[in-house]
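Undergrad: quick one, structure for this:
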Amino acid sequence: MKEIVTETINTLKFYLPNLIEGTKSTAEKFQAHKDSEALKVLPNIVEGIDWVYQAIAGIQKNGGLPKIDLEELSSILPETLRAIEVKDYVLLSDLLEYEIVHVLEKWNDQLLVTQ
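TA: Numbering: from 1, shown residues only. Next up, the predicted model:
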C-alpha cells in the first residue's frame with residue numbers, strides 16, 4: 001500500500017502544476033470573453049480537480065497527507081456549480097482564478113514538502 005501512496009503523491013506533484021496552469025488559463029479565457037473556448041476545456045478542469053480531490057482523500061485514508069484540508073475545496077464547489085448553471089462567467093472566472101487556484105497552489109506547496 002505504501003508504494004501506491006508514494007506513486008500517487010508523485011503523480012500529484014507532477015499533475016497539480018499543470019492543473020493550476022490550465023485553471024488559470026480557463027479563467028483568463030472567460031475574462032477575455034472567449035466563453036466557448038473556456039467551456040470546451042472546463043470539463044477537463046472539473047475532471048482534474050475531482051481526480052486530485054479523490055487521490056488526496058485516498059492517500060489520507062491510508063494515513064498520509066494529514067495537513068491537506070479537503071474542505072477548503074468542498075466549500076467552493078457549490079458556488080462554482082451555481083455560477084456554471086446560471087452562466088455567470090464573471091463569477092466563475094473569479095472563483096477559478098482566486099479561490100480554486102489558491103487552494104490547488106496551497107495543496108501543491110504542501111505536497112512538495114511531503115516525502
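Undergrad: next structured bit after the helix-or-strand element of the chain with minimal mean pLDDT?
TA: The least trusted helix or strand in the chain, going by mean pLDDT, DSSP states H and E, turns out to be helix 71-74, with a mean of 92. Using DSSP states H and E, the helix or strand that follows helix 71-74 towards the C-terminus is helix 77-85.
Undergrad: output the contacting helices and strands for that next one.
TA: When contacts are defined as 3 or more CB pairs under 8 Å, 6 or more residues apart in numbering; DSSP states H and E, helix 77-85 packs onto helix 89-94. For glycine as for every other residue, the C-beta is placed from the backbone atoms N, C-alpha and C.
Undergrad: contacting residues around the helix it packs on?
TA: Helix 89-94 is touched from outside by A27, E28, F30, Q31, D35, A38, E79, T80, A83, I84, with contacts defined as CB atoms under 8 Å, 6 or more residues apart in numbering.
Undergrad: same question for stretch 35-53.
TA: Stretch 35-53 has contacts (CB under 8 Å, 6+ apart) with 12, 15-16, 19, 22-23, 25-27, 29-30, 70, 73, 84, 89, 96, 100, 104, 107.
Undergrad: re the thing from before, right, and out of the contacts of helix 89-94, which lies closest to T8?
TA: T80 (24.6 Å; CB to CB).
Undergrad: isn't that closest one up against L95?
TA: Yes - using CB atoms under 8 Å, T80 is in contact with L95, at 5.0 Å.
Undergrad: now the helix or strand V52 falls within, how far from the chain's geometric center?
TA: V52 is part of helix 35-61, with elements assigned from DSSP H and E. Centroid separation for helix 35-61 versus its chain: 6 Å, with CA atoms, centre = their mean, to the nearest Å.
Undergrad: cool, and stretch 71-91?
TA: Stretch 71-91 sits 13 Å away from the centroid of its parent chain (CA atoms, centre = their mean).
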